[in-house]
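Enquirer: Give me coordinates for this.
(4 chains)
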Number of protein chains: 2
Amino acid sequence: MITVELLEKYGVSKKTFDRNDIIFEEGNLPLNYYQIISGEVKMSNYNDDGREFIQGIFYKTQSFGEPPLFLNQKYPANAIAVENAEIFILPKENFMKLLEQNPKVSIKIIENLAQRLYYKSVMAAEISTHEPEHRVLKLIDHGIAYFNFQKDKNGYLINFTRQQIGDLTGLRVETVIRAIKALEKKGELKIINRKVYR
Amino acid sequence: MITVELLEKYGVSKKTFDRNDIIFEEGNLPLNYYQIISGEVKMSNYNDDGREFIQGIFYKTQSFGEPPLFLNQKYPANAIAVENAEIFILPKENFMKLLEQNPKVSIKIIENLAQRLYYKSVMAAEISTHEPEHRVLKLIDHGIAYFNFQKDKNGYLINFTRQQIGDLTGLRVETVIRAIKALEKKGELKIINRKVYR
DNA sequence: CTCGTTTTATGATTTTAATCATAAAATGAA
DNA sequence: TTCATTTTATGATTAAAATCATAAAACGAG
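Expert: Prediction:
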């Protein structure tokens, strides 16, 4: 998102997180700009009985957690490393100075926020008004365009677990399993030794 | 959002829309920047059997529909006048030139997108993992902060219909009616001749 | 390699909100 | 000011996904 050179010019630091480490927590005030060097990060909420909702999954070069930074509001969700991750951390003041002094970066930020808003619009409509199979398929098709799914001879490998798909679509894991089976039967996707291809 | 003077400098035009007029439609490519002068606009989706999901409601001074403009993507939803509305319309090229030549406007845009992303994050988690009463209350509390609800001696008047609340939370109107009654019984809000106060 | 954990899987049962039916009250356009 | 439409309301019924129970397969840390 923001080039390494520019980040270093403004005093960025690096930090590593192990699988399941918390990067920041819901309810806390934002202090930094975060940009992934390597690994995978999820932003998610937990309701009172521990049920998870995944707001989004982020990969290398992507930033996350900016909205509350711009609004001086508390984080609406937690950021957690899904696998070992290396992350650039830039203190808020430095980040704001960087933005001010480099107007072209603003455009990049706008495009990034616009992209995330677009995803949330699509998924909100799905979750509210469509049945499980439709939701799952929409998530998968969005993922092919914006998550880093790899294509091989069987098609795109959807490298999410059934549980993750459930947490992204507001469905329980059993419902996702049954929806995926039904979609396979309809020829919308393939299951090759438990892995999903589209 | 953007000052009238600046908009006029870049050749903005005004257009009026009657109640239920379509401003733009899902699937179309964005051609303009829209900013409300007066009236009320909703962005919403309809599923196959006509069920509506309202992405957001916008009032005077607010802009809407920018994300696809920045991404050169099709609109993910329709924009419809909820009541007679007067709207500034600035062609895309002019808007982009305005942005380029006025870096401070970018910051305003960023803050606006961040605010909308924040709302969507909160509501997505609600819709996915919480029961009707919780969802309705969260929408109302968000509305007090960000929609233009007016306070009087009974508290904040929630000037949404039960149907609108349903379309914003993914619930059917009967469920919303029952949830509001239950919330009144619990003392979370008041119903004074059919109007909801919080 | 081994063993505990996670993931996928399937069937039975339950719960919850949707749906269906109906109607009174309120609103608004002619 | 009348009449069609919208909004609020309530009860009965249904359908769909959640929940519960259980287990095999796969994975991964040690």
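
Enquirer: Up against chain B, what does chain A have?
Expert: A:45, A:47, A:51-53, A:55, A:66-71, A:73, A:76-77, A:99, A:103, A:106-107, A:109-111, A:113-118, A:120-125, A:127-130, A:169-170 (C-beta under 8 Å from any C-beta of the partner chain). Backbone N, C-alpha and C define where each C-beta goes, glycine included.

Enquirer: quick one: A:I37 and A:Q62 touch, right?
Expert: No. Counting by C-beta atoms under 8 Å, A:I37 does not reach A:Q62; the two are 10.4 Å apart.

Enquirer: one step back: narrow the residues of chain A next to chain B to those that are buried.
Expert: By neighbour count, with 16 or more other C-beta atoms under 10 Å in any protein chain shown, the residues of chain A next to chain B hold A:45, A:52-53, A:55, A:66-70, A:76-77, A:99, A:106-107, A:109-110, A:113-118, A:120-125, A:127-130, A:169-170 as buried.

Enquirer: Please see if the helix or strand hosting A:I127 touches DNA strand C.
Expert: Using DSSP states H and E, A:I127 maps to helix A:103-129. No. On the criterion C-beta under 7 Å from any atom of the strand, helix A:103-129 is out of touch with DNA strand C, staying 8.6 Å away.

Enquirer: Which strands and helices lie in contact with that helix?
Expert: helix A:66-71, helix A:92-101, helix A:132-146, helix A:162-169, strand B:52-58, helix B:66-71, helix B:103-129 (3 or more C-beta pairs under 8 Å, 6 or more residues apart in numbering or on different chains; DSSP states H and E).

Enquirer: I'd like the mean pLDDT over the second one, please.
Expert: Meaning helix A:92-101. The average pLDDT within helix A:92-101 is 96.

Enquirer: I'd like to check the angle between it and helix A:103-129, please.
Expert: Relative orientation of helix A:92-101 versus helix A:103-129 (axes from the mean of the first three to the mean of the last three C-alpha atoms, to 10 degrees): 110 degrees.

Enquirer: Output helix A:92-101 as PDB - backbone C-alpha positions only.
Expert: In PDB, the C-alpha atoms belonging to helix A:92-101 read as follows (Å, rounded to 0.1, in the frame of the first residue of the first chain):
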ATOM      1  CA  LYS A  92      -0.400   7.800  14.400                       C
ATOM      2  CA  GLU A  93       1.300  11.200  14.500                       C
ATOM      3  CA  ASN A  94       4.000  10.000  12.000                       C
ATOM      4  CA  PHE A  95       1.300   8.500   9.700                       C
ATOM      5  CA  MET A  96      -0.700  11.700   9.700                       C
ATOM      6  CA  LYS A  97       2.400  13.700   8.900                       C
ATOM      7  CA  LEU A  98       3.200  11.300   6.100                       C
ATOM      8  CA  LEU A  99      -0.300  11.800   4.700                       C
ATOM      9  CA  GLU A 100      -0.100  15.600   4.900                       C
ATOM     10  CA  GLN A 101       3.200  15.800   3.200                       C
END
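
Enquirer: Now do the helix holding A:I127: distance to the chain's middle.
Expert: 12 Å (C-alpha atoms, centre = their mean, to the nearest Å).
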